[in-house]
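S.K.: The amino acid sequence is not available; the structure is as follows:
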């Protein structure tokens, strides 16, 4: 029996799916893209309604002092930026992911300067690393 006869033929479904879509890196890219599209939009929308939490409560006093208007009015601005960031990730993740990472960096700075929210800052640091990972994957997979 020849060696070619011993090789298993690929399943029909394997050949029907492009190689890139079967790669674990591409699948991770899609999952992160979905997460960093949905999460910023959902959290951004909630800045207008305060259903998940009272968002102005997380604003460091020094930020509230330098921003015009009330803390809630600033949260409206924050919410709008987060919604836009999520939409940019959906459309062009190689540009949106660094935007989300930078935004999370600003949130981390705010939380680290406001005692009592270090746990949330650590969580957002993990999210920032995820956004940076998406950015790296997007530079490989988002070749439009």
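M.R.: Received, thanks. On a predicted model such as this, the values are computed, not experimentally measured, just so you know. Residues are numbered from 1 along each chain as shown.
S.K.: longest helix of the protein?
M.R.: helix 24-49 (DSSP state H).
S.K.: which other residues reach the helix or strand following that helix?
M.R.: Where DSSP states H and E defines the elements, the next helix or strand beyond helix 24-49 is helix 61-66. With contact meaning Cβ atoms under 8 Å, 6 or more residues apart in numbering, helix 61-66 is reached by 56, 71, 74, 110, 113, 114. In short, each C-beta sits where N, CA and C put it, glycine included.
S.K.: again with stretch 131-144
M.R.: Contacts for stretch 131-144 (Cβ under 8 Å, 6+ apart): 20, 25-26, 28-29, 32-33, 36, 89, 92-94, 97-98, 100-101, 104.
S.K.: now those residues: which count as buried?
M.R.: Neighbour counting with 16 or more other Cβ atoms under 10 Å marks 26, 29, 32-33, 36, 89, 93-94, 97-98, 100-101, 104 as buried within these.
S.K.: Greatest separation within those: which pair is it?
M.R.: 26 and 104 (23.8 Å; Cβ to Cβ).
S.K.: just how off-centre is stretch 79-92 within its chain?
M.R.: 9 Å (Cα atoms, centre = their mean, to the nearest Å).
S.K.: Give me the buried stretch members for that stretch, please.
M.R.: Buried positions in stretch 79-92, judged by neighbour count with 16+ other Cβ under 10 Å: 79, 81, 82, 83, 84, 85, 86, 88, 89, 90.
S.K.: wait, isn't the third one in contact with residue 40?
M.R.: In other words, residue 82. Yes. Assessed by Cβ atoms under 8 Å, residue 82 is found in contact with residue 40 at 4.4 Å.
S.K.: what is in contact with the two at once?
M.R.: Joint contacts of residue 82 and residue 40 (Cβ under 8 Å, 6+ apart) are residue 103.
S.K.: which residue ends up closest to the midpoint of the protein in space?
M.R.: Closest residue to the average C-alpha location of the chain: residue 36 at 2.7 Å, with Cα atoms, centre = their mean.
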